[in-house]
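Novice: how would this look folded up:
(one chain, ligands or ions: 3)
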Amino acid sequence: MPGKVNPEIVRSADSLRNHRSVHSESARTSGLSPSLLPNTSSNRDGLRKNKPLRIMKFGGTSVGDASCIQRVVEIIRAASRESDIVVVISAMSGVTNKLLEAAVQSEAGNREAIARIFTELRKRHDAAVSALIESDTKRNRIGQQMQELFREGERLCEGTMLLGELTPRARDGISSLGERLSAPLLAAVLDESGLPSQCVEATELVVTDSYHGGAEPWMDLTRERSIARLQPLIQQGIVPVVTGFIGATEDGVLTTLGRGGSDYSATILGTALDADEVIIWTDVDGLLTADPRLVPDACLISEISYREAAELAYFGAKVLHPKTLQPVMQQGIPLRIRNTFAPEKLGTKITPAGCANAGGVTALAAVIDAAMITVGGPGLVGVQDVLGRTFATTTAARADVLLISQSSSQNDICLVVSSAHAKRTLEALRHEFSHDLAHEKAEHIALDPTVAILTIVGQKVRGMAGIAGRIFATLGRENVDVIAIAHGASASNLSLVVARKDVKAALVAAHREFQLGVLASAMFPVDSDRPVAWVYESERTGSDAD
Ligand code: ADP
Ligand code: ASP
Ligand code: MG
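Specialist: Ligands and ions are numbered 1, 2, ... in the order given. Next up is the predicted model:
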């Protein structure tokens, strides 16, 4: 009868819920249908929640070896006392690079190199299994599962060698093995530690288009499949460990989301499941005022807006995949970046409004591997719609155009793309304009592969007088030539193209000029004595300074 709740069902569900928080293992085996559980919290998108839901993504360095994985297990166990958890995991650090090397060696027919790589990867994973899993039965089971995955990888390499061609689909198949190995390993270790856990391949959850190497999610289908597959696990107190980086087309062909894509996997799932928070666990304290490898004085930012974080990610802050913010922004789900190796620290919180910095500038980022393409010159004078055709071409080539600058006539355009996209963008543009340029001797579509982009990010970068002047003066003092500039399109960034050899000096000087080290550290008190669980408790009750 509509509106009436069967008290028997509520009692059963309540007892299951109470049971779960104390003895999750028995809840898992109780046999009670999870569909009986009532919907106790807001339920916009259909996932029934009893506790806050957190998506926790662990990057490659966080699962680099057995001792790192042990830390990860402790973090998940502490968090699971207060939240339902879905884990998203990357490959062990360096593994994806090795697999891609194997893929390239396959195309070249280099059998020995492939064998060497697989031997090395087997050893590394075997060592982690031996160190982390005590039960012989479980060790054998996971060992066999891994052997099957390695054999699958070897078969893909074999096929590539036979063809003499590395197809995008085979490349995705080979490069995705790292996550497919680390996820069952972590799930087995969690399970052995007493926290019921199950590996779930993202091919079952994340539905994407068929663009291999940079696939885009289809959110409606992803939401449907993620809820259907993960809700029963969550409700039985089982922690799903999902392979990051990977998706599949609607008919099940494996795709990858692009390098560093596990961050994106986490926010895709966070949005699909309407999570209360997504946490990216990594090897630094959070989002810093600049890349610490280039600016040693870089400091932690305690809170930042979606918009600023998205700009930093897009313009090279490797700690976040460029598209990480896209899914969560629409739903307003908070994102946090935290340090696996210092879990007592609260990290960076990314929220809709952020926390405006009085100086106007919040952080700097740089795309080091960039290339500048210029389209223009006398050969193109009189050619119709150069701008429109240029954009249509870069879109068709799936090139991420990081920056554009245009002269007073539309016949001189410069665009900057990442080095990885430079060759195919150049070829596509030359092809598009080949007819117009056929009668010209001079080269009108040219490539400079030695540039970098330096980006200044802050909520008031456009509104605040003098920021552009200060950066030009600072770079002038360092003898850094500004090749191109983009300012004004976004309220919160200003991007400058400089020679790659100058970018480190430019970043260090700009960081000093805007006093980013001083401001950020003053904003963020850290108490390194706090245990992991304390941090979660304080966050829940809202009693922390942050
Ligand atoms: P994970 O393996 O956890 O995904 P990544 O190597 O992809 O980690 O990203 C973390 C790294 O990003 C840090 O070690 C740091 O060197 C680099 N990085 C670049 N820019 C920033 C920034 N602004 N803040 C924090 N880290 C940054
Ligand atoms: N393992 C993948 C990579 O190295 C994805 C990730 O780490 O996020 O690119
Ligand atoms: Mg990463």
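Novice: Run the chain-centre distance for the helix or strand Ala310 falls within.
Specialist: Using DSSP states H and E, Ala310 sits in helix 306-314. Chain-centre distance of helix 306-314: 12 Å, with CA atoms, centre = their mean, to the nearest Å.
Novice: I would like the residues contacting that helix, please.
Specialist: Residues from elsewhere that reach helix 306-314 (CB atoms under 8 Å, 6 or more residues apart in numbering): 287, 304, 319-326, 328-329, 335, 350-352, 354, 362-363, 365, 402, 455, 457-459, 490, 492-493. All C-beta spots, glycine's among them, are computed from the backbone N, C-alpha and C.
Novice: what's the average pLDDT for it?
Specialist: Averaged across helix 306-314, pLDDT comes to 95.
Novice: got the CA positions of it in PDB?
Specialist: Only the C-alpha atoms of helix 306-314 are listed here, as PDB (Å, rounded to 0.1, in the frame of the first residue of the first chain):
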ATOM      1  CA  TYR A 306      36.400  24.000  -8.200                       C
ATOM      2  CA  ARG A 307      37.100  26.600 -10.800                       C
ATOM      3  CA  GLU A 308      40.700  27.300  -9.700                       C
ATOM      4  CA  ALA A 309      41.500  23.600  -9.100                       C
ATOM      5  CA  ALA A 310      40.100  22.800 -12.600                       C
ATOM      6  CA  GLU A 311      42.300  25.500 -14.100                       C
ATOM      7  CA  LEU A 312      45.400  24.200 -12.300                       C
ATOM      8  CA  ALA A 313      44.700  20.600 -13.400                       C
ATOM      9  CA  TYR A 314      44.100  21.600 -16.900                       C
END
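Novice: thinking again about what came up before, just the ones in helices from the contacts of helix 306-314, please.
Specialist: Those of the contacts of helix 306-314 mapping onto helices are 325-326, 328-329, per DSSP state H.
Novice: Rebuild those residues as JSON lines, extending it with neighbour count, pLDDT and distance to ligand 3.
Specialist: Putting the ones in helices among the contacts of helix 306-314 into JSON lines (neighbours: other CB atoms under 10 Å; pLDDT from 0 to 100; distance: CB to the ion, whole Å) gives the following:
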{"residue": "Leu325", "neighbour count": "25", "pLDDT": "96", "distance to ligand 3": "14"}
{"residue": "Gln326", "neighbour count": "19", "pLDDT": "96", "distance to ligand 3": "16"}
{"residue": "Val328", "neighbour count": "24", "pLDDT": "96", "distance to ligand 3": "16"}
{"residue": "Met329", "neighbour count": "19", "pLDDT": "93", "distance to ligand 3": "19"}
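Novice: What parts of the stretch 151-300 of the chain come near ligand 1?
Specialist: Residues of the stretch 151-300 of the chain lying near ligand 1 by CB under 6 Å from any ligand atom: 260, 282-284, 287-288, 290-293.
Novice: And the next helix or strand past the host helix or strand of Glu427?
Specialist: Here Glu427 sits within helix 419-432, counting by DSSP H and E. Next along the chain after helix 419-432, taking DSSP H and E as the criterion, comes helix 434-437.
Novice: Return the set of buried residues in that next one.
Specialist: 436-437 (16 or more other CB atoms under 10 Å).
Novice: and what of stretch 483-499?
Specialist: Buried, per 16+ other CB under 10 Å, within stretch 483-499: 483-484, 486-487, 490, 492-498.
Novice: Please identify which pair of the ones in helices among the contacts of helix 306-314 lies farthest apart.
Specialist: Using CB to CB, the pair of these lying farthest apart is Gln326 and Val328, separated by 7.7 Å.
Novice: Show me the common contact partners of these two, please.
Specialist: Joint contacts of Gln326 and Val328 (CB under 8 Å, 6+ apart) are Thr267.
Novice: show me the contacts for the residue in the stretch 101-250 of the chain positioned nearest to ligand 2.
Specialist: Here the stretch 101-250 of the chain gets closest to ligand 2 at one residue, Phe245, 3.8 Å apart by CB to the nearest ligand atom. Neighbour list for Phe245: 90-91, 96, 176, 178-179, 202, 256-257, 261-262, 265 [criterion: CB under 8 Å, 6+ apart].
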